[in-house]
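**Student:** Using only what follows, build the 3D model:
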Amino acid sequence: MTNLLKAILTVLSFIALPTLASAEDILSITNGDVTVELTKADVAKLEQTAFETTTIWTEGKIEFSGPTLKSILELANITEGVVSLTAINDYTIEIPVADITEEAPIVANLMNGEPFNRREKGPYWVVYPFDADKKYQQEKVYALSIWQLSSILKNPEE
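**Tutor:** Just a heads-up that it's a prediction; the model follows:
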């Protein structure tokens, strides 16, 4: 009986794996009652911005590409206030929308032209062009470079 139970659990775990993997790839953006959920394919269809930069977490220069955070916020009509960005591990940061520009940061979904997984800080990583300007090379900006991004929430107005 124990072997049968192990076999059933093994089969069930393989059936559940695709569901769990795809759930991790959803990027959810919420503004009040409106929630937009983007799959990897949806993110890939958005206009992409690319730049090469080094980071304090990786070796050498890497080309990061993905949509700008500003363009993703606009999908849920977020144009002001403060947003909370949360990673798969529940790490959360807050960014005033006024600090988000047309150029930076991006929500990288490709590194050197390839998708990247959770072990590589994916599937979505908020990245600034650190090498482009000294203003991006400070601790408070590094802290905003959240990886394994899973959700964005517009904070209620106070």
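**Student:** which one is residue 32 nearest to, not counting chain neighbours?
**Tutor:** residue 154 (7.1 Å; CB to CB, 6 or more residues apart in numbering). For the C-beta atoms, the positions are set from N, CA and C on the backbone; glycine is no exception.
**Student:** Bridged to that neighbour, which residues?
**Tutor:** When bridges are called by DSSP bridges, residue 154 pairs up with residue 83.
**Student:** hey, where'd the strands end up in this protein?
**Tutor:** For the chain, the strands defined by DSSP state E cover 27-31, 34-38, 49-53, 62-66, 82-87, 92-96, 106-108, 110-111, 125-127, 149-154.
**Student:** any chance you could map the helices in the protein?
**Tutor:** 2-24, 40-45, 69-75, 139-144 (DSSP state H).
**Student:** and the ones you listed, which one's lowest on average pLDDT?
**Tutor:** With a mean of 47, helix 2-24 has the lowest mean pLDDT of the helices of the chain.
**Student:** in the protein, which ranges drop under the pLDDT threshold?
**Tutor:** 1-24, 158 (pLDDT under 70).
**Student:** if I pick the closest residue in space to residue 70 that isn't next to it in sequence, what's in contact with it?
**Tutor:** Among residues not flanking residue 70 along the chain, residue 100 sits closest, at 5.0 Å (CB to CB, 6+ apart). For residue 100, the contact set (CB atoms under 8 Å, 6 or more residues apart in numbering) comprises 68, 69, 70, 73.
**Student:** Most neighbours among these, which one?
**Tutor:** Counting neighbours by other CB atoms under 10 Å, residue 69 comes out on top of those with 26 neighbours.
**Student:** In contact with that one, which residues?
**Tutor:** Contacts of residue 69 (CB under 8 Å, 6+ apart): 95, 100, 105, 106, 107, 126.
**Student:** Bridge partners for the nearest residue to the fifth one once chain neighbours are set aside, pull those for me.
**Tutor:** Spatial nearest neighbour of residue 107, chain neighbours left out: residue 66 (4.8 Å); criterion: CB to CB, 6+ apart. On the basis of DSSP bridges, residue 66 takes part in beta bridges with residue 49.
**Student:** what about residue 66, how many neighbours?
**Tutor:** 26.
**Student:** Count the residues that sit near residue 117.
**Tutor:** The criterion is other CB under 10 Å. On that basis, residue 117 has 12 neighbouring residues.
**Student:** could you check the distance from it over to residue 35?
**Tutor:** 25 Å (CB to CB, to the nearest Å).
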